[in-house]
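A.B. asks: how would this look folded up:
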Amino acid sequence: MRSSRRTGPTLAELRRAPAGIVVVVARLICRVIPRRRDLWAFGSWYGTRYGGSPRALFWYCLREQKDRLQVAWITRRRELARELRALGLPAYHRYSLRGLWISLRAGVYVFDCRSSDVNYITAAGALTVNLWHGTPIKRIEHDIDDPDHPYSRAHHGRWWWRALTRLAYPTNAERYDLLCASSPAAASRLAQAFRLPIVRVVVREAPCNDVLTGGAEAFGPLRRIELSVVDRLRAEKEGGKRCILYLPTFRETVESSPLQDVLDAVEPVLRSQGATLWCKLHGEDRRSVRAGHAALVEALPAELDASLLLHYADVLITDYSSVYMDFLLVDRPVVFFAYDLDRYERDDRAFYEPYRNVTPGPVVRTPTALAAEIRALLVDREPAPGPHSRARRELRHRFHATAPGESAAAASTYAEIAARVAAP
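C.D. replies: Predicted coordinates:
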């Protein structure tokens, strides 16, 4: 149950506050180091992943802007840096000598969560560009209506409580130089959530959607884990199999998961229709796909980028994840499995508008109903123009500035960022 008022400082915040003072001093030092505006540092998902819009833009810059820019991927995972370098990419651990030098000299930081995707301390003095990792359908940042939520504690309560939280977790109160959104409607929500002037929000399609509409080439060379999955997906599509993709959202509070009931209900449909269910799961669900389902159900690695998967999906199943907003660009059916809608909205995260206003597909609450919807889509196909196809089109017009099938988002985003960087 959500709190109505923020509680006082936590023990973790009190313990982290002294280190926060050191961070403040270090950032002040970093701020005076001269920066090169032709050196861009990229990172993603708190420094743990190589993916998303930063990856698509990184590869575009590396391929198309090599005469104008020097770019580098910065990560906190040494094994990831080694793997990327083996692919011929300029990638470095954030605290290696080379990674630290680039982080201190880069004039532009590009990321999709926080500047800590690259390095929060060394970000001081650079122009920070947040490509944000989704369309805001759930409340985020300042707009989260639970004052005790980790992301909103920095914005609620007494002034010294807020100051202590910001000292302990400074990235939860960052303000970025530029924020990217896929449409004016998304830009308005992001500006409100991050308390930024609307002029600092760039309206351009997310670069990662070049992969969704155009294929894996927009991501550059694939890692081993990606190549294995993409090769299997291609083989299944070429063999006439249909791909159903299940991408549920991460839940901060979990009571019980219906995953096994879902697999039991949909397996006969998959078997009879020659389809495979590809699942990218969280927590215990990822470890609980039984061996008996292995022939028809694929449990995907957590770090696999969703854009690579969406390109091959015939049907998407999700719940409260905004991933379906990207899927609108290929105009294929979406089924919403909202088995815990009331609990999720009450205990996890509220929405910006009523859930059913932004769900352009059937909303089901039970595994049996989900299996029936999948069967209907695989056997009868979706009628066009039906109510769901019209709803997808209307929602796409609200939340995407580009037309379906276009695949030049990275080039467009680069041009806009470069213009802002060059501006006095």
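A.B. asks: what about the helices in the stretch 251-400 of the chain?
C.D. replies: All helices of the stretch 251-400 of the chain, identified by DSSP state H, counting those that start in this stretch, fall at 259-273, 283-287, 306-310, 323-327, 341-347, 367-379, 387-399.
A.B. asks: mean pLDDT lowest for which of the ones you listed?
C.D. replies: Ranked by mean pLDDT, the helices of the stretch 251-400 of the chain end with helix 283-287 in last place, scoring a mean of 61.
A.B. asks: where does pLDDT dip in the stretch 1-150 of the chain?
C.D. replies: 1-6 (pLDDT under 70).
A.B. asks: let's see 80
C.D. replies: Applying pLDDT under 80 to the stretch 1-150 of the chain flags residues 1-7, 147-150.
A.B. asks: before we move on, back to that, residue 197 is nearest to which of the helices of the stretch 251-400 of the chain?
C.D. replies: Closest approach to residue 197 among the helices of the stretch 251-400 of the chain (C-beta to C-beta): helix 387-399, 21.2 Å. Placement of C-beta: from N, CA and C, glycine included.
A.B. asks: bridge partners for residue 317, pull those for me.
C.D. replies: Per DSSP bridges, the residues bridged to residue 317 are residue 246, residue 335.
A.B. asks: so it touches residue 370, yeah?
C.D. replies: Yes. Using C-beta atoms under 8 Å, residue 317 is in contact with residue 370, at 7.1 Å.
A.B. asks: shared neighbours of the two, anything?
C.D. replies: 335, 337 (C-beta atoms under 8 Å, 6 or more residues apart in numbering).
A.B. asks: thinking again about what came up before, let's have the helices of the stretch 251-400 of the chain in CSV, adding distance to residue 199 and mean neighbour count.
C.D. replies: What follows is the helices of the stretch 251-400 of the chain, written out as CSV (distance: least, C-beta to C-beta, whole Å; neighbours: other C-beta atoms under 10 Å):
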stretch, distance to residue 199, mean neighbour count
helix 259-273, 45, 18
helix 283-287, 40, 13
helix 306-310, 28, 24
helix 323-327, 24, 25
helix 341-347, 33, 15
helix 367-379, 43, 18
helix 387-399, 20, 17
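A.B. asks: so which of these gets nearest residue 102?
C.D. replies: Nearest of the helices of the stretch 251-400 of the chain (C-beta to C-beta): helix 306-310, 25.8 Å.
A.B. asks: counting contacts, what elements does that closest one pack onto?
C.D. replies: helix 209-214, helix 224-238, helix 323-327 (3 or more C-beta pairs under 8 Å, 6 or more residues apart in numbering; DSSP states H and E).
A.B. asks: and that helix, C-alpha only, in PDB?
C.D. replies: Provided in PDB are the C-alpha atoms of helix 306-310 (Å, rounded to 0.1, in the frame of the first residue of the first chain):
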ATOM      1  CA  ALA A 306      13.800  -6.000 -26.700                       C
ATOM      2  CA  SER A 307      14.100  -4.100 -30.000                       C
ATOM      3  CA  LEU A 308      15.900  -7.200 -31.500                       C
ATOM      4  CA  LEU A 309      13.000  -9.400 -30.500                       C
ATOM      5  CA  LEU A 310      10.200  -7.000 -31.500                       C
END
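A.B. asks: and it, how far out from the chain middle?
C.D. replies: 11 Å (C-alpha atoms, centre = their mean, to the nearest Å).
A.B. asks: same deal with stretch 45-63?
C.D. replies: That offset, for stretch 45-63, works out to 12 Å (C-alpha atoms, centre = their mean).
A.B. asks: on that earlier part again, tell me which of the helices and strands packed on helix 306-310 lies nearest to residue 77.
C.D. replies: Here helix 224-238 is closest among these (C-beta to C-beta), at 13.2 Å.
A.B. asks: mind saving the C-alpha coords of that closest one as PDB?
C.D. replies: Output of helix 224-238 as PDB, limited to C-alpha atoms (Å, rounded to 0.1, in the frame of the first residue of the first chain):
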ATOM      1  CA  ARG A 224      27.300 -13.900 -29.000                       C
ATOM      2  CA  ILE A 225      24.200 -14.100 -26.900                       C
ATOM      3  CA  GLU A 226      22.300 -11.900 -29.300                       C
ATOM      4  CA  LEU A 227      23.500 -13.700 -32.400                       C
ATOM      5  CA  SER A 228      22.300 -17.000 -31.100                       C
ATOM      6  CA  VAL A 229      18.800 -15.800 -30.400                       C
ATOM      7  CA  VAL A 230      18.500 -13.800 -33.700                       C
ATOM      8  CA  ASP A 231      19.700 -16.800 -35.700                       C
ATOM      9  CA  ARG A 232      17.000 -19.000 -34.100                       C
ATOM     10  CA  LEU A 233      14.300 -16.400 -34.600                       C
ATOM     11  CA  ARG A 234      15.200 -16.000 -38.300                       C
ATOM     12  CA  ALA A 235      15.300 -19.700 -38.800                       C
ATOM     13  CA  GLU A 236      11.800 -20.200 -37.200                       C
ATOM     14  CA  LYS A 237      10.400 -17.300 -39.300                       C
ATOM     15  CA  GLU A 238      11.900 -18.800 -42.500                       C
END
